[in-house]
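Q: make a model of this:
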Amino acid sequence: MRTKKEYLQRIGIKVSETMTRVPARVLPEPKLLFHVTSHQNHEIPRNGIWNMSQKRVRRASSLGSWGIIVFRTENDYKKAIEAFVRVLTTHLFAIGIKVPNMYPCYVYCDPNEHTTLIKKIHKAADTDIGISTQCMTIEDIKAERHGYFIKTCLEMNAKLGGINIKLDTAELHPGSGYGGAEYPAMVIEISTSNTSTSNHARWTIASATASIDKWGSRFVAATRNQDAGAKTVTDLKSMIKVLLKAYEHSRGRLPKCIVVYRDGISEDMFPDMGRFEIPDHKTACSSMGDKYQPTITFVATRSDHHTRIFPIAKGSSDPTGNCLPGTVVSSQIVHPIDLDFYFQNEAGKLEATSVPMHYHVLQCDRSFRNQRAMHLMTFNMCHLDARWAHTGSLVPAVANARLAVKRASSHVNPPSTTWGDRTSEKFVKVHRFLSKGNHIVLQCTSKTGML
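A: Presented below is the predicted three-dimensional model:
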């Protein structure tokens, strides 16, 4: 029987037994700024990780009113939830968040109904009432891990309008002038995802998120439903216009430059971007004023590829054996003409190989003709994900757009409501609980059925 190697040799294909060696650069990690009253108000991450101990967030929010929905029985978990509240408020105070009301209200729900009720809660909170929610698992609450509570507190601060960390504007947009007082920038991310209805019809949920402050820390989102057969975002012009108005409302002016990260597209869709989506951005900008013509840089992002990057020397790896965060490869394995690169941004995970992101610049304005400026801006923004105390694998705009798509799926065609069933009766009680004006609602449930 002939081996696969022999068949390959017969048609002239030879597979090397050693991986290709390519040159790479490791970018310097930026200085992170915390609140000035922190014991240590700045830090340079090491291997993409920083410590939140004895540090306060850059701009803390206030948790004026809040409530907790527990998908467990009150008799079995009342004391555990009360202990959880004490631990949570201690961590909130530690990072600088004010909690005027130390005694939240509670509502206990049947644990068997959490999958249906959570989707309804998210829809009611996001679209009907306008409050934030935070989902936590009973298993993690009982474990009382310090890292888990810090992560949760950072998420809550961002959802309440706070800013966890800050980079100097010069480090956020180095070498380009972006983001400064004279050259305000906006970072946009566009993502799409498929979901299905109860009758098995399929559609696409498209989302666009954009930064609305000069630090790249606060984002707004716009979502739309469209036919599953659409290769591009069909209502992109109106979505971009909504984001531009939000930016203008936040900063008092429109951005002079726009950086767009387009997620979830393959190389065969690149021509469609040039024919449809890039012109849609320009049309949306023109609708804001005849003389308004910002510069636009359009970058395609991909993580669904099979390229992996490994360090050669032990000294050039992190403790997990992965490449150091900030490793960029921009030669040999990239396009011979276009500007594209592979980026290892994320701090390595134990017993796992980190997946580099592939960035392909489809349109580049004059400020990013220097590749290093694009590399540094992309890497530095990966430190601004509000959910972690380490570098993320994605630019925050990309991560937020994916979250917006996932969250919007609970807004479209939620589980049907029949006023006679127990689930709907319970939801009426929960809806009244949500309508009390709570700024944030914590959902304590099991790991299954979470959004």
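
Q: could I get the buried residue list for the host helix or strand of E82?
A: Per DSSP states H and E: E82 is located in helix 74-94. For helix 74-94, burial by neighbour count (16 or more other C-beta atoms under 10 Å) applies to 77, 81, 84-85, 88-89, 91-92, 94. Any C-beta I mention is one placed from the backbone N, CA and C, and that applies to glycine too.

Q: now for the nearest residue to M269 once chain neighbours are set aside, how many residues are close by?
A: Spatially, and ignoring its direct neighbours in sequence, M269 is nearest to K231 (6.1 Å; C-beta to C-beta, 6 or more residues apart in numbering). Neighbour count for K231, taken as other C-beta atoms under 10 Å: 14.

Q: separation between K231 and C153?
A: 41 Å (C-beta to C-beta, to the nearest Å).

Q: helices of the stretch 1-150 of the chain, start to end?
A: Secondary structure of the stretch 1-150 of the chain by DSSP state H, counting those that start in this stretch: the helices cover 4-10, 74-94, 114-123, 138-143, 146-159.

Q: could you dump those helices to CSV with distance to G67?
A: As requested, the helices of the stretch 1-150 of the chain are exported to CSV (distance: least, C-beta to C-beta, whole Å):
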stretch, distance to G67
helix 4-10, 61
helix 74-94, 11
helix 114-123, 11
helix 138-143, 16
helix 146-159, 13
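
Q: to I188, which of those lies closest?
A: Among the helices of the stretch 1-150 of the chain, helix 146-159 comes nearest to I188, with 18.6 Å by C-beta to C-beta.

Q: what is the mean pLDDT for the closest one?
A: On average, the pLDDT along helix 146-159 is 90.

Q: got it, and stretch 42-59?
A: Averaged across stretch 42-59, pLDDT comes to 90.

Q: in that stretch, what counts as buried?
A: Those would be 43, 45, 47-50, 52, 55-59, for stretch 42-59 by 16+ other C-beta under 10 Å.

Q: measure C257 to S207 for me?
A: 22 Å.

Q: follow-up on the earlier one: would CSV of the buried residues of stretch 42-59 with distance to M19 be doable?
A: Shown next, in CSV, are these (distance: C-beta to C-beta, whole Å):
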residue, distance to M19
E43, 35
P45, 28
N47, 23
G48, 23
I49, 27
W50, 32
M52, 37
K55, 40
R56, 45
V57, 42
R58, 42
R59, 45
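
Q: closest to E189 out of these?
A: G48 (20.9 Å).

Q: low pLDDT regions in the protein?
A: In the predicted model of the chain, residues 1-4, 113-115, 169-183, 194-202, 348-351, 366-369, 413-451 satisfy pLDDT under 70.

Q: surely Y247 and I212 touch.
A: Yes - taking C-beta atoms under 8 Å as the definition, Y247 is a contact partner of I212 at 4.8 Å.

Q: which neighbours do these two share?
A: Counting by C-beta atoms under 8 Å, 6 or more residues apart in numbering, the shared contacts of Y247 and I212 are M186.

Q: list the contacts of the closest residue to I296 other than its chain neighbours.
A: Leaving out its chain neighbours, the residue that sits closest to I296 by C-beta to C-beta, 6+ apart is I258, at 5.0 Å. Contacts here follow C-beta under 8 Å, 6+ apart; on that basis I258 touches 185-188, 281, 285, 294-297.

Q: at 6 Å what do you get?
A: 186, 294, 296 (C-beta atoms under 6 Å, 6 or more residues apart in numbering).

Q: what's the distance between the last one and G64?
A: Right, the one you point to is I296. According to C-beta to C-beta, I296 and G64 sit 40 Å apart.

Q: need the helices for the stretch 151-300 of the chain, in chain order.
A: Applying DSSP H, counting those that start in this stretch to the stretch 151-300 of the chain gives helices spanning 169-172, 236-251, 270-272, 278-286.

Q: so which of those gets nearest N112?
A: helix 236-251 (38.2 Å).

Q: just how off-centre is that closest one within its chain?
A: Centroid separation for helix 236-251 versus its chain: 19 Å, with C-alpha atoms, centre = their mean, to the nearest Å.

Q: residues of it that come out buried?
A: In helix 236-251, counting by 16+ other C-beta under 10 Å, buried: 236-237, 239-244, 246-247.

Q: ok so, going back, so between I296 and G64, which is more surrounded?
A: Between I296 and G64, I296 has the larger neighbour count (other C-beta under 10 Å), namely 17 against 14.

Q: and H91, how close does it get to R387?
A: From H91 over to R387 (counting by C-beta to C-beta), the distance is 15 Å.

Q: go on, M288?
A: For M288 relative to R387 (C-beta to C-beta), the value is 32 Å.

Q: how about A158?
A: 8 Å.

Q: which of those two has more residues huddled nearby?
A: Using other C-beta under 10 Å as the criterion, A158 and R387 rank with A158 on top: 22 against 15.

Q: contacting residues around the more buried one?
A: So, once contact is read as C-beta under 6 Å, 6+ apart, A158 ends up touching A386.

Q: surely T234 touches Q226?
A: Yes - in this structure T234 lies within contact range of Q226 using C-beta atoms under 6 Å: 4.8 Å.

Q: now do the closest residue in space to S132 that isn't next to it in sequence: how many residues are near it, please.
A: Leaving aside its sequence neighbours, S132 sits nearest to K159 (C-beta to C-beta, 6+ apart; 4.1 Å). Using other C-beta under 10 Å, K159 is surrounded by 16 other residues.

Q: tell me which element Y359 is part of?
A: strand 357-363.

Q: same check on K406?
A: According to DSSP H and E, K406 maps onto helix 396-408.

Q: for that helix, list the C-alpha coordinates in CSV.
A: Extracted C-alpha coordinates of helix 396-408, given in CSV (Å, rounded to 0.1, in the frame of the first residue of the first chain):
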residue,chain,number,x,y,z
PRO,A,396,-11.7,45.9,22.3
ALA,A,397,-13.9,47.1,19.4
VAL,A,398,-13.8,43.6,17.9
ALA,A,399,-14.6,41.9,21.2
ASN,A,400,-17.4,44.3,21.9
ALA,A,401,-19.0,43.8,18.5
ARG,A,402,-19.0,40.1,18.9
LEU,A,403,-20.6,40.5,22.3
ALA,A,404,-23.2,42.8,20.8
VAL,A,405,-24.1,40.2,18.2
LYS,A,406,-24.4,37.6,20.9
ARG,A,407,-26.5,39.8,23.1
ALA,A,408,-28.8,40.9,20.3
